[in-house]
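Colleague: The following block contains a protein sequence and its predicted model.
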Amino acid sequence: MTELALPVDIQRVLSETEREQLKTDILDTAIEERFHLVYAHLAEVKAFISNGVDLIQRLEEATYQRHPQVHTDTDVIYIDSGPGPYSYHMLEEGKTDLDDKNYHEWNWSRKMDRARIRTAYTLASLVTARRIEEETGSIKSPQTLSEEDFAKYGPYLMYTSVSWQASHIKHALQVARQNGSFRIPDEKLVMYEKFRNSKGEIMPITHTEDQMEGLDLPNNPDGSKPRRAVMVSHSAHFVRIVSVLGKYPGVIPNETTLQLFPIPTPKEAVIPYATAELLGTIPTILVKQRANFTPYTNYQI
């Protein structure tokens, strides 16, 4: 197995005192924003916030202390879309930014989707190179892999998002393929902007809960379920993901090992992003009823 070296920034990991203060601050804000709702479920909300902050910090620690392992049985690398464009130099004609208005107030959010995609591409390259070495004995640098290498040995690269984001990423990947910086062929790409909900309805993706409820991992060419699916995202976002998966655990096949692959959070975003994700997930559980306080836990890091 190969380790993917990630940037080191210990400021992303909070002290015990800072963690406890963050838990208190988030709980106070939750009570202030939704007093009656939160107080009716106070014990559950308090435990959810506490466990959520602890999970986020464990994932942040994993990005530099225990680098997530690169496994050659990885058949799918899934990117849960994030805010910001892939590149301001690759926007569609006439565009100056994406339409994720909720995130424009946070400058640190502008490169999150790019970071997830670039990490996933690096991971796909490492997996492909290792498979070539295992199956043929030939050693190839991940930077020298061809489309044919990815087609024959590579995992699927999967990306789901809202429609305007899908349009941007398709355009950006086309530009990147033309300049030679992206070499995964179309047959190894899985992208969609609509999902089938639990009622069987086809709906547009608008939120993380749509992406998880409608998660449709591709089968291998022989029809078998993926042996391992790696999810790439930022640490705080995984709290929302596993909470929604707690509501829809059946989307992960029994045959599939789910691995969470956290990437470093911008240091200025550690507290506000954790706060936003935890506060946003509480109404997803209590109002929308599309997530659970008890998260999906059958995963590796």
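Modeller: That came through fine. Residues are numbered from 1 along each chain as shown.
Colleague: Please make it C-alpha for all contacts and neighbour counts, starting now.
Modeller: OK.
Colleague: What is the three-state secondary structure of S243?
Modeller: helix (DSSP: H, G, I helix; E, B strand; the rest coil).
Colleague: and if you look at the one 3 residues further on?
Modeller: G246 falls in the helix class when you classify it by three-state DSSP.
Colleague: Go ahead and confirm P83 touches D113.
Modeller: Yes: using CA atoms under 8 Å, P83 is in contact with D113, at 5.4 Å.
Colleague: And for the helix ranked longest in the chain, what's in contact with it?
Modeller: Across the chain, the helix with the greatest residue count (assigned by DSSP state H) is helix 112-136. The contact list for helix 112-136 (CA atoms under 8 Å, 6 or more residues apart in numbering) reads 2, 4, 70-72, 74, 77-87, 138-143, 145, 149-150, 153-155, 157, 232-234, 263.
Colleague: Please indicate which of those residues are buried?
Modeller: Among these, those classed as buried by 16 or more other CA atoms under 10 Å are 4, 70-72, 74, 77-86, 142, 145, 149-150, 153-155, 157, 232-234, 263.
Colleague: Spell out the residue ranges of the helices in the stretch 101-250 of the chain.
Modeller: For the stretch 101-250 of the chain, the helices defined by DSSP state H, counting those that start in this stretch cover 112-136, 147-153, 163-178, 208-213, 235-247.
Colleague: Mean pLDDT added to those helices, as TSV?
Modeller: Formatted as TSV, these follow (pLDDT from 0 to 100):
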stretch	mean pLDDT
helix 112-136	96
helix 147-153	97
helix 163-178	91
helix 208-213	98
helix 235-247	98
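Colleague: Save these as CSV, and put in distance to R290 too.
Modeller: Output for those, formatted as CSV (distance: least, CA to CA, whole Å):
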stretch, distance to R290
helix 112-136, 24
helix 147-153, 36
helix 163-178, 21
helix 208-213, 7
helix 235-247, 6
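Colleague: wait, which of the ones you listed is closest to D54?
Modeller: For D54, the closest of the helices of the stretch 101-250 of the chain is helix 235-247, at 10.0 Å, according to CA to CA.
Colleague: Dead centre of the chain: give me the residue that sits there.
Modeller: Centroid-nearest residue in the chain: S233, 2.8 Å away (criterion: CA atoms, centre = their mean).
Colleague: so who does that residue touch?
Modeller: Shown in contact with S233 (CA under 8 Å, 6+ apart): I79, D80, S81, G82, R116, L260, F261, P262, I263.
Colleague: at 7 Å instead, please
Modeller: Counting by CA atoms under 7 Å, 6 or more residues apart in numbering, S233 touches I79, D80, R116, F261, P262, I263.
Colleague: One more: K267?
Modeller: K267 makes contact with Q11, R12 under the criterion CA under 7 Å, 6+ apart.
Colleague: For it, grab phi and psi.
Modeller: phi -60, psi -30 (degrees, to the nearest 10).
Colleague: how much space is there between it and V13?
Modeller: The gap separating K267 from V13 is 9 Å, by CA to CA, to the nearest Å.
Colleague: thinking again about what came up before, let me know the closest of the contacts of S233 to V162.
Modeller: Of those, the one sitting nearest to V162 (CA to CA) turns out to be D80, at 10.8 Å.
Colleague: That closest one pairs with what?
Modeller: Taking DSSP bridges as the rule, D80 bridges to T160.
Colleague: How about the contacts made by it?
Modeller: Y159, T160, V232, S233.
Colleague: Against A172, how distant is the first one?
Modeller: In this case it means Y159. 13 Å.
Colleague: Reformat the contacts of D80 as TSV; add distance to E92 and pLDDT.
Modeller: Formatted as TSV, the contacts of D80 follow (distance: CA to CA, whole Å; pLDDT from 0 to 100):
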residue	distance to E92	pLDDT
Y159	19	98
T160	19	97
V232	25	97
S233	24	97
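Colleague: Just the closest of the residues you listed to G250, please.
Modeller: Checking the contacts of D80 against G250 by CA to CA gives T160 as the nearest, at 18.2 Å.
Colleague: so how far is the helix or strand containing T17 off the chain centroid?
Modeller: T17 is part of helix 16-33, with elements assigned from DSSP states H and E. Centroid displacement of helix 16-33 relative to its chain, using CA atoms, centre = their mean, to the nearest Å, is 24 Å.
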